[in-house]
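Enquirer: Quick one, fold the following:
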Amino acid sequence: MTDRGFTHPNFGREARIEQYGKEVHLVFVASTHEQADSMCDLLITQLKDGALNITLLGKPTKIVEE
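Expert: Numbers count the residues shown, from 1 in each chain. You can find the predicted model right below:
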């Protein structure tokens, strides 16, 4: 895979990590429904391709650990 620009700069303002037994959920809260749709499509495509790449640039205004 080659280096590329960020696909979703300034994506939302909240990141949440939740653990339920053996499951770990990483939740990003988008600013708009369209942003959420786009991120979801990208993550599904990456998972199908066999590599998931997530880079968080800057700090969200809210981080919640549950």
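Enquirer: only C-alpha atoms for contact and neighbour calcs from this point on.
Expert: Fine.
Enquirer: Residue nearest the middle of the protein, spatially speaking?
Expert: The chain has Phe28 as the residue nearest its centroid, 5.2 Å off, counting by CA atoms, centre = their mean.
Enquirer: Am I right that it is in contact with Glu14?
Expert: Yes: the pair Phe28 and Glu14 qualifies as a contact (CA atoms under 8 Å) at a distance of 5.9 Å.
Enquirer: Okay, strands next: where are they in this protein?
Expert: 14-20, 23-29, 62-65 (DSSP state E).
Enquirer: Now tabulate those strands in TSV and tack on mean pLDDT and distance to Ile44.
Expert: Output for those, formatted as TSV (pLDDT from 0 to 100; distance: least, CA to CA, whole Å):
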stretch	mean pLDDT	distance to Ile44
strand 14-20	86	19
strand 23-29	89	14
strand 62-65	70	23
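Enquirer: Export those strands as JSON lines, with columns for distance to Ala51.
Expert: Listed next are the strands of the chain as JSON lines, based on distance: least, CA to CA, whole Å:
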{"stretch": "strand 14-20", "distance to Ala51": "20"}
{"stretch": "strand 23-29", "distance to Ala51": "16"}
{"stretch": "strand 62-65", "distance to Ala51": "25"}
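Enquirer: out of the ones you listed, nearest to Lys48?
Expert: Closest approach to Lys48 among these (CA to CA): strand 23-29, 18.1 Å.
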